[in-house]
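In: what follows is a predicted structure for the sequence shown.
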There are 2 protein chains.
Amino acid sequence: MKVKELQHIVGEGWVITDEERMADYLVDETAVEVRPQPAGELVLVKPASSQEVSSILKLANNEGIPVFPRGGGTGLCGGAIPTENGIILSLERMKEIAVDQDNLMAIAEAGVTLKELIEKVEQEGLFFPPHPGDQSAQIGGLVACNAGGSRAVKYGVIRNYVKGIDAVLATGEVLRLGGKLLKNNTGYDLMHLIIGSEGTLAVITRVILRLFPQLGASVTMIIPYDNRHDAINTVPKILQSGVIPLAIEYMERGPVELSAAHLNMEWPCKTGVAYLMIIVEGRSEEEVYSDCERISEICERYHGLEAVVGKTRKEQERVLKIRSNMYLALKHKIADSLDAAVPPASMGTFMDDIDKIAARFGTSIPMHGHAGDGNLHPHLMKDLLEKGAENLKEVKRKIYREAVKLGGVMTAEHGLGRIRLPDLDIFLGQKEMELMAGIKKVFDRKGILNPGCAIKME
Amino acid sequence: MKVKELQHIVGEGWVITDEERMADYLVDETAVEVRPQPAGELVLVKPASSQEVSSILKLANNEGIPVFPRGGGTGLCGGAIPTENGIILSLERMKEIAVDQDNLMAIAEAGVTLKELIEKVEQEGLFFPPHPGDQSAQIGGLVACNAGGSRAVKYGVIRNYVKGIDAVLATGEVLRLGGKLLKNNTGYDLMHLIIGSEGTLAVITRVILRLFPQLGASVTMIIPYDNRHDAINTVPKILQSGVIPLAIEYMERGPVELSAAHLNMEWPCKTGVAYLMIIVEGRSEEEVYSDCERISEICERYHGLEAVVGKTRKEQERVLKIRSNMYLALKHKIADSLDAAVPPASMGTFMDDIDKIAARFGTSIPMHGHAGDGNLHPHLMKDLLEKGAENLKEVKRKIYREAVKLGGVMTAEHGLGRIRLPDLDIFLGQKEMELMAGIKKVFDRKGILNPGCAIKME
């Protein structure tokens, strides 16, 4: 696997072949039941610069060696798992970060974690709104996967914040696309094409991100409902009122109480079976409280029960912790976690459809979602597998078909990774796949970049 | 030119070969000096549906006939001018529009004008924030060119609002990309690739756009300054304060007074030579006034003179009219209007650079720009041509080289069209152009779509 040549590029200490030291780099956060197996002959390389990435890719491309770019390994679809013999390319050493106050932008290398980015930006008195879950995710991976998260209601997903990237092609050229620029129409937007391409078109080594001013105050409200449709139907009413919260999350009693119990905490709502969790941020407490009042009024009008309002940082953190922990609390029982998007107003119907499928298969499918975005995460449980592996696949495809009927897509924020490819035919036509395979060929003729995750055509 | 076959597709009345009736379709708003010449053998076709567009493209592709998709013809770079013998494809008859209140989206066919979109959305009590100038622009063209405009400060350019498109490929397939979806990571983002591709990859026939709630109040402020750097340096201070206006425009006394005189109006500022025009919108008058006060304080601290504040709709419209009319007032003297973007904080330096170039060439280069976005429009005047055609080209390339030094790009919001291609080498490397030419081939193997505007490689 060209170990000597790789050592020559990055230095001896940064080429790892020892199995034990490589173990953490063979997995991601995908549920074990559906997680792909890593290949047997791998070498882990840790470059320190775009130039080193370039040299590694040139070498790999010449030799036809597959390369698996890797960030924090927090993905949920096996996108970073090295499924063929080749090179694991970890960007973790590329950690430079700077904030440009005058242009309100952060410039971060690929290996900076979300936690480090948030801390740096806050130190500088600014704010990076998106928060796609796990803070150990790295910026390169977040952009390669166009991560979403709960805070996409107001300003959208990561894509909307990315203004420039450095990307290394399979053939070694380092492209500098975009910049500290808010507008750019200079040719086809290669940057937007690479965002979300999951390491199959180029390796992202540096990113320029738009920042916003820090907001002075925030409140987290939980509004309980006696049924899910009332909750979902309230969402457009809130947005139409002129208040645009940072996040509007949907949760149900079962998973949320399980998560609270798992944390030895108590879920603060005594009423309701369905909940909206709304985070409102603003420049002053008065502004935020007035927004909350407005939201409360609207929720009440649409059958919301009495809201629980977290004003102190501690109260808010407690609720958010329960929300964040839902996947972990369930994880040991989960066979696969889906990530569909439907038009936001159709989320209630979609959940009803999923309940019906669950009933038909004698299972339960707990779910929660980003109600402001129409992004639902149904968790398929291991009990499905007890009745045969085909059951899991069938339930998944049935859920996907319902999503299609509602005008939805297979993945909202997690990406395809490797494990979503087999069902892609439900969502994409032959021609779309042909175009994607054609684009892949233009960027990476030999197909060395993250080969397991690329759409191929015969 | 296959007139009979085209008549068969769209009906006899919608195929036009008469030169007089075609005259308006041979030009756009590009300055006459640099506007490309239309070809001689053309047929104008006006389809009524994606299906008809598909049939036309299939026919054209089979026969190898160039097709020039066309919206409102408001472009400034010759992007819609039919420069080869072939078909002018006007989308003007595709005018369906609907608003989905529950998902806060508009669904508009390509031929809907910006004016019609704004009216429809306002009738429904909602708001489409971007306003890229000329309201006779059509939605298909706005998206094909990823239009910008002055109101990109808060929520960005058109790209950020587009959630779904129907696009017809050269080979006739109708792709439905995205949807009423706020998140979508299902494969490479073909939608974002087609946005801004100026009709060279596919013909956009229908668009889904995100809407926002209508805001209750707005104020337009003009803050005069004694020099441009003070004005430009104030912009990040405003944005850092937490106030994000809808627009922050930069203007200078010369062009603005010319524009006012051209309209028989009076520019309301008696002081200053450089101006920021700031539009603040909010849910209530109190909110807006408090934002304006904050802005005033900041501007004063950074050497702004006394602000002129337009509160009534009439006052605001008067100022905006003068702002919008600047290009028209100058147009008879303009040889070419540029559209560079630089990091917002570098706009002052960029303008100084341009002044120096103007002095060296014995001309004046009036300019105005979107200061919140770092998007500057320098107007190159006809007097440059009097001393030889090479002068115009040289000044242009010198300005572009300064933009590059500052980390800028050639076009922020107008696109490449046809007239920007010869200078593209200043901004894009060989490899980027190769990738773009490769993508073009994947989408349009025979190169029939808007051939004059596509990047070609040998």
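Out: Everything's here; your move.

In: the residue nearest the centre of chain A: which element?
Out: Within chain A, the residue whose C-alpha comes closest to the C-alpha centroid is residue A:147; the distance, by CA atoms, centre = their mean, is 3.6 Å. Mapping residue A:147 onto the secondary structure by DSSP states H and E places it in no helix or strand at all.

In: not counting its neighbours along the chain, what's nearest it?
Out: Closest residue to residue A:147 in three dimensions, ignoring its sequence neighbours and counting by CB to CB, 6 or more residues apart in numbering or on different chains: residue A:132, at 3.6 Å. The C-beta positions use only the backbone N, C-alpha and C, and glycine is treated the same way.

In: number of residues surrounding the one you found?
Out: Residue A:132 has 22 neighbouring residues, counting by other CB atoms under 10 Å in any protein chain shown.

In: isn't there a strand covering it?
Out: No: Residue A:132: not assigned to a strand; according to DSSP: H, G, I helix; E, B strand; the rest coil it is coil.

In: how far away is the residue nearest to the centre of chain A from residue A:411?
Out: Using CB to CB, to the nearest Å, one gets 12 Å for the distance from residue A:147 to residue A:411.

In: swap in residue A:454?
Out: The separation that residue A:454 has from residue A:411, given CB to CB, amounts to 15 Å.

In: same deal with residue A:284?
Out: Residue A:284 sits 38 Å away from residue A:411, taking CB to CB as the criterion.

In: of these two, who's got more company?
Out: Neighbours of residue A:284 and residue A:411, each counted by other CB under 10 Å, are more numerous for residue A:411; the result is 27 against 13.

In: check contacts around that one.
Out: By CB atoms under 8 Å, 6 or more residues apart in numbering or on different chains, the contact list for residue A:411 reads A:77, A:339-341, A:420, B:184-186.

In: now, among the residues you listed, which is nearest to residue A:201?
Out: Proximity of the contacts of residue A:411 to residue A:201 (CB to CB) peaks at residue B:185, which lies at 14.0 Å.

In: around the closest one, how many other residues sit close by?
Out: 29.

In: quick one: it and residue A:414 touch, right?
Out: Yes: Residue B:185 is within contact range of residue A:414, at 7.0 Å (criterion: CB atoms under 8 Å).

In: so what sits against both of the two?
Out: Listed as contacting both residue B:185 and residue A:414 by CB under 8 Å, 6+ apart are residue A:145.

In: can you tell me the helix or strand for residue A:288?
Out: For residue A:288, the host element (DSSP H and E) is helix A:285-301.

In: alpha carbons only: can I get that helix in PDB?
Out: As requested, C-alpha coordinates have been extracted for helix A:285-301 and formatted as PDB (Å, rounded to 0.1, in the frame of the first residue of the first chain):
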ATOM      1  CA  GLU A 285     -34.700  39.500  26.600                       C
ATOM      2  CA  GLU A 286     -37.700  41.800  25.800                       C
ATOM      3  CA  GLU A 287     -37.500  40.800  22.200                       C
ATOM      4  CA  VAL A 288     -37.300  37.100  23.000                       C
ATOM      5  CA  TYR A 289     -40.100  37.200  25.600                       C
ATOM      6  CA  SER A 290     -42.400  39.100  23.300                       C
ATOM      7  CA  ASP A 291     -41.700  36.500  20.600                       C
ATOM      8  CA  CYS A 292     -42.400  33.700  23.100                       C
ATOM      9  CA  GLU A 293     -45.700  35.300  24.100                       C
ATOM     10  CA  ARG A 294     -46.700  35.500  20.400                       C
ATOM     11  CA  ILE A 295     -45.800  31.800  19.900                       C
ATOM     12  CA  SER A 296     -47.700  30.800  23.100                       C
ATOM     13  CA  GLU A 297     -50.800  32.600  21.800                       C
ATOM     14  CA  ILE A 298     -50.600  30.900  18.400                       C
ATOM     15  CA  CYS A 299     -50.000  27.500  20.000                       C
ATOM     16  CA  GLU A 300     -53.000  27.900  22.300                       C
ATOM     17  CA  ARG A 301     -55.200  28.900  19.400                       C
END
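
In: residue A:106 belongs to a strand?
Out: Yes: if the criterion is three-state DSSP, then residue A:106 is within a strand.

In: for the residue nearest to it when sequence neighbours are not counted, give the beta-bridge partners.
Out: If the residues on either side of it in the chain are set aside, residue A:106 comes closest to residue A:209, at 4.7 Å by CB to CB, 6+ apart. Here residue A:209 shows beta-bridge partners residue A:106, residue A:162, assigned using DSSP bridges.

In: give the contact list for residue A:209.
Out: Residues touching residue A:209, when contacts are defined by CB under 8 Å, 6+ apart, comprise A:105-108, A:117, A:128, A:139, A:161-163.

In: repeat the analysis, applying 10 Å as the threshold.
Out: A:99, A:104-108, A:117, A:121, A:128, A:130, A:139, A:142-143, A:158, A:161-165 (CB atoms under 10 Å, 6 or more residues apart in numbering or on different chains).

In: mind listing the helices for the stretch 201-350 of chain A?
Out: A:228-240, A:253-262, A:285-301, A:313-324, A:326-331, A:347-360 (DSSP state H, counting those that start in this stretch).

In: nearest to chain B, out of those?
Out: Each of the helices of the stretch 201-350 of chain A was scored for nearness to chain B using CB to the nearest CB, and the closest is helix A:228-240 (4.7 Å).

In: quick one, the closest one and helix A:347-360 angle?
Out: Inter-element angle recorded for helix A:228-240 and helix A:347-360: 160 degrees (by axes from the mean of the first three to the mean of the last three CA atoms, to 10 degrees).

In: packing partners for helix A:228-240?
Out: Helices and strands touching helix A:228-240, by 3 or more CB pairs under 10 Å, 6 or more residues apart in numbering or on different chains; DSSP states H and E, are strand A:217-225, strand A:247-252, strand A:274-282, helix A:285-301, helix A:347-360, strand B:212-213.

In: let's see it at 6 Å
Out: With contacts taken as 3 or more CB pairs under 6 Å, 6 or more residues apart in numbering or on different chains; DSSP states H and E, helix A:228-240 sits against strand A:274-282, helix A:285-301, helix A:347-360.

In: buried ones in the longest one?
Out: To tie it back to what came earlier, the one meant is helix A:285-301. Within helix A:285-301, the residues scored as buried using 16 or more other CB atoms under 10 Å in any protein chain shown are A:287-292, A:294-296, A:298-299.
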